[in-house]
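K.L.:
Below are the sequence and a predicted model; questions follow.
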Amino acid sequence: MTTHAPQAAHTVTLPGSLDEAVAALAAMPAAVPVAGGTDLMAAVNSGLLRPAALVGLGRISEIRGWQYQDGHALLGAGLTHARMGRPDFAALIPALAAAARAAGPPQIRNAGTLGGNIASAAPTGDALPVLAALEASLVIAGPGGGRREIPVGRLLAGIELLHPGELIGYVRVPLLHAPQTFLKATGRTGPGRATASVAVVLDPARRMVRCAVGAVAPMPLRPYDAEHWVASLIDWDGERTLAPEALTAFGDYVAAACIPDPVPAPEGLDGGAALTGQAPGDGTLPPAVLHLRRTVATLARRALGRALA
């Protein structure tokens, strides 16, 4: 179905299936796919984007639910944050449900989708650190009914990108049946964009702790050394408890890995710091960055503590 917006030359196509949407994008290379439109319309309203055509994904029912597949949950990219925040989904993937509930005010949660959160790849996207910690993968739909799968981290890092005419169809998430948490800090009371977020996932079968930090860099960060260190301290066959000192050390380890100390500038080369407003090249962090590091440390400590509890 194709309609034409009044007083505009823009074309809006409303396919009924994922393959029809891919075909529409292939036929109109300048078209932009849109689901909830929470990020796209903000870009349009601010004048940053003027799409020549839109391919609406709201009528594709096959990507609005989920199914079980080989020990994984296959999540449709059209799942809204509101749907993922419900109790039945929370029983399946608790950390992703918590991120969905924290995604913003009701109007955003009702419209915004999982696939849109990934495709926009905004550093503050709440679902992104959870998917990174879960080591989720993306099922990409391409022309001619083609499907390919890539790790979500490779897309967010720009190592692998969507080809022309491709769409994120599904997100494949391992079902660990183990504790997992998501916490975030915002700059104000109530729903808001994250200044920092942390997802922690326990994997008892592999005796691993997986952690991802969001909003402090262009993509979620995995502090692998901190993960391996704290996993070695956990009694996986016992009560899985850690001393408060170990939890604090883990938080500091994660924060220092994600927000490291700057390398001191060679002598005589930091004179421009006063002109740029940056910290001097003495290896110290500005107060705002130190505050952010403390925030990450607190979130990481609390997230792991809740997962272990």
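P.N.:
Happy to help now that I have it. Numbering: from 1, shown residues only.
K.L.:
Name all residues that make contact with A122.
P.N.:
A122 is in contact with D39, counting by Cβ atoms under 8 Å, 6 or more residues apart in numbering. From N, CA and C alone the C-beta is placed, and that goes for glycine too.
K.L.:
at 10 Å what do you get?
P.N.:
Counting by Cβ atoms under 10 Å, 6 or more residues apart in numbering, A122 touches 39, 116, 128, 193-194, 214-215, 218.
K.L.:
State the helix or strand in which it lies.
P.N.:
When elements are defined using DSSP states H and E, A122 is found to belong to no helix and no strand.
K.L.:
Let me know the distance separating it from S197.
P.N.:
Applying Cβ to Cβ, to the nearest Å, the value for A122 to S197 is 12 Å.
K.L.:
anything in contact with each of these two?
P.N.:
Residues touching both A122 and S197 by Cβ under 10 Å, 6+ apart: 128, 214-215.
K.L.:
What residues of stretch 208-227 count as buried?
P.N.:
For stretch 208-227, burial by neighbour count (16 or more other Cβ atoms under 10 Å) applies to 208-216, 219-223, 226-227.
K.L.:
quick one: which of these sit in strands?
P.N.:
Among these, the residues falling in strands (DSSP state E) are 208-214.
K.L.:
Include pLDDT and distance to L202 when you put the residues you listed into JSON lines, please.
P.N.:
Below are those laid out as JSON lines (pLDDT from 0 to 100; distance: Cβ to Cβ, whole Å):
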{"residue": "M208", "pLDDT": "96", "distance to L202": "8"}
{"residue": "V209", "pLDDT": "97", "distance to L202": "6"}
{"residue": "R210", "pLDDT": "97", "distance to L202": "8"}
{"residue": "C211", "pLDDT": "98", "distance to L202": "10"}
{"residue": "A212", "pLDDT": "98", "distance to L202": "13"}
{"residue": "V213", "pLDDT": "98", "distance to L202": "17"}
{"residue": "G214", "pLDDT": "97", "distance to L202": "19"}
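K.L.:
any idea of the mean pLDDT in stretch 185-199?
P.N.:
In this model, stretch 185-199 carries a mean pLDDT of 84.
K.L.:
Please identify the buried residues of that stretch?
P.N.:
Neighbour counts using 16+ other Cβ under 10 Å place 185-186, 193-199 of stretch 185-199 among the buried residues.
K.L.:
Return the closest of those residues with respect to P174.
P.N.:
Taking Cβ to Cβ as the measure, P174 lies nearest A199 of the buried residues of stretch 185-199, at 13.8 Å.
K.L.:
Who is the closest one paired with across the strands?
P.N.:
F182, A212 (DSSP bridges).
K.L.:
Same question for T13.
P.N.:
Under the criterion used (DSSP bridges), T13 bridges to T2, V55.
K.L.:
Closest to T80 out of the contacts of A122?
P.N.:
Among the contacts of A122, and counting by Cβ to Cβ, the member closest to T80 is G116, at 9.4 Å.
K.L.:
and the nearest residue to that closest one once chain neighbours are set aside, what does it touch?
P.N.:
Using Cβ to Cβ, 6 or more residues apart in numbering and skipping the chain neighbours, the partner closest in space to G116 is A35 (5.0 Å). A35 makes contacts with 55-58, 60, 63-64, 77-80, 111-117, 119, 167-168, as judged by Cβ under 10 Å, 6+ apart.
K.L.:
same check, this time on R193
P.N.:
By Cβ under 10 Å, 6+ apart, R193 lies in contact with 103-104, 122-126, 184, 186-187, 215.
K.L.:
Out of the residues you listed, the closest to S137 would be?
P.N.:
Nearest to S137 out of the contacts of R193 is G125 (Cβ to Cβ; 16.9 Å).
K.L.:
Am I right that the closest one is in contact with D39?
P.N.:
Yes. Using Cβ atoms under 10 Å, G125 is in contact with D39, at 9.1 Å.
K.L.:
All set now, cheers.
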